[in-house]
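K.L.:
sharing a model that was predicted from the sequence below.
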Amino acid sequence: MKNTKLISCFIALTISLSVFSQDYSAEYTRVLTERSAKIVSTLGIDNQKIADRVTNILVEQYRNIGYIHDSLPADVRQQKLYALHAEFIGKLTAEISQDQIEKIKDGMTYGVLKVTYDSYCDMIPSLKDDEKRQLIAWLAEARELAMDAPSSNKKHEVFGKYKGRFNNYLSQRGYDSTKERQNWEERQKNSKQEKAKSLNDFERKATEMLQPLNLTDQAKQQRLVKAISEHLQTVRDWHNAHPHSVVPEGINPRTGDALSKVDRQIIVDATLPKDVHQKLMTTLRNELSEEQIEVILDKYTIGKVDFTMKAYREIIKKMTKEEETTILNYLKQAREQAIDYKNMDEISAIFKIYKTKIELYLYQNGRNWKKIYKEYVDSNKKK
């Protein structure tokens, strides 16, 4: 009787452990699949079948790495990892490009290569090209090893060893790594303080821009202040991080004139990610009426639409309703585009682009703009 009970308990325990093992395996697979799919989603693969195959390759790689570290003795572990690593890269090469493989490597190592490289370049601005090449070479080697590490901590340990190697290399070349780091940390501290101050300045400016609307909904006010101040700061930061010198000197292909500094700055500022503009406009349209949005856009551009439209009305005698509508629409397009530029020189240059379009429109509709403008100037001189 006792034996029967013992056997029953043993069977029940065995079943329980088996079920637990299956549940754990299923959960483990789910975690690996989610982690792998997240990395694959950054590759821009249009073919879903290829994306699924790459995801499965990555899941199996994670699973095999875990098995080797958990189950095999240390004396054979490294050899097995080396073979597994080579097979993994081979499988990926058959499915995706080298650039996409690089992204997988970065995904498996949390992007530490780029973060570390950028940090050293920021910390020691005087690094020479050959020193940067040595840094990137060692970090790439570290990344290959870190890909096969079993945990986040172990991956960072691998990079830590290579950072130590690079620090020694710098010391041999006359750098004081400790002093460079202290100076860097001080610069970062000052930068954070400056950014905090700037953000407060942008919030104040955003609040001033919203003042004419007399909003009573405080929650709406806060959402708008946040959206406008973030937009202002992003435009400023993008402008400051991308000087006009990034664009080579050259000529305007439309006019043949040499590109001015403002021209070159506009070219580089125009690379501001489109979602920066879209995010602001989406918030404005969700929170405000069209009339209220126009007030905000006028604040961005210091009322240039009304000012310029008034000038056109004075210059063009007997302006038709169609002409007025067309000119006003052009100026409103200029205004919305101009909000993504940092200063009035650039904003004025954007409006100048649309003024050229307006003058072309007038010519095409039988208006001699040069003649009209000359008559206006001559008339004012007589007065």
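P.N.:
Perfect, thanks for sending it. Since this is a predicted model, take the numbers as computed values, not measurements.
K.L.:
Q265 contacts E346, doesn't it?
P.N.:
Yes. Q265 lies in contact with E346 (Cβ atoms under 8 Å); the separation is 6.4 Å. Heads up, the C-betas are built off the backbone N, CA and C, glycines and all.
K.L.:
give me the element I136 is part of.
P.N.:
Following DSSP states H and E, the helix or strand that holds I136 is helix 129-146.
K.L.:
and for R30?
P.N.:
Using DSSP H and E, R30 falls in helix 2-40.
K.L.:
after that helix, which helix or strand is next?
P.N.:
Following helix 2-40 in sequence, per DSSP H and E, is helix 48-71.
K.L.:
buried residues in that following helix, which are they?
P.N.:
By 16 or more other Cβ atoms under 10 Å, the buried positions in helix 48-71 come out as 51, 53-55, 57-59, 61-62, 64-65, 68-69.
K.L.:
name the residues that touch it?
P.N.:
28-29, 32-33, 35-37, 39-40, 43, 45, 77, 80-81, 84, 88, 91-92, 95-96, 104, 108, 148-150 (Cβ atoms under 8 Å, 6 or more residues apart in numbering).
K.L.:
and stretch 80-96, how far from the chain's centre?
P.N.:
Distance, stretch centre to chain centre, for stretch 80-96: 31 Å (Cα atoms, centre = their mean, to the nearest Å).
K.L.:
buried residues in it?
P.N.:
Buried, per 16+ other Cβ under 10 Å, within stretch 80-96: 80-81, 84-85, 88-89, 91-92, 95-96.
K.L.:
looking at the residues you listed, which are in strands?
P.N.:
Judged by DSSP state E, strands contain none of the buried residues of stretch 80-96.
K.L.:
tell me which of those residues fall in helices.
P.N.:
80-81, 84-85, 88-89, 91-92 (DSSP state H).
K.L.:
would you confirm that Y312 contacts Y361?
P.N.:
No. Y312 is not in contact with Y361 according to Cβ under 8 Å; the separation is 11.4 Å.
K.L.:
grab the nearest non-local neighbour of R313.
P.N.:
Excluding the flanking residues, the one nearest R313 by Cβ to Cβ, 6 or more residues apart in numbering is M319, at 6.2 Å.
K.L.:
distance of the one you found from V377?
P.N.:
18 Å (Cβ to Cβ, to the nearest Å).
K.L.:
same thing with K318?
P.N.:
18 Å.
K.L.:
more neighbours: these two, which one.
P.N.:
For K318 and V377, the more surrounded residue by other Cβ atoms under 10 Å is V377, and the numbers stand at 10 against 5.
K.L.:
which of the helices or strands spans that one?
P.N.:
helix 369-382.
K.L.:
same check on G256?
P.N.:
Using DSSP H and E, G256 maps to neither a helix nor a strand.
K.L.:
and if you look at the one 10 residues further on?
P.N.:
If you go by DSSP H and E, I266 is part of helix 261-269.
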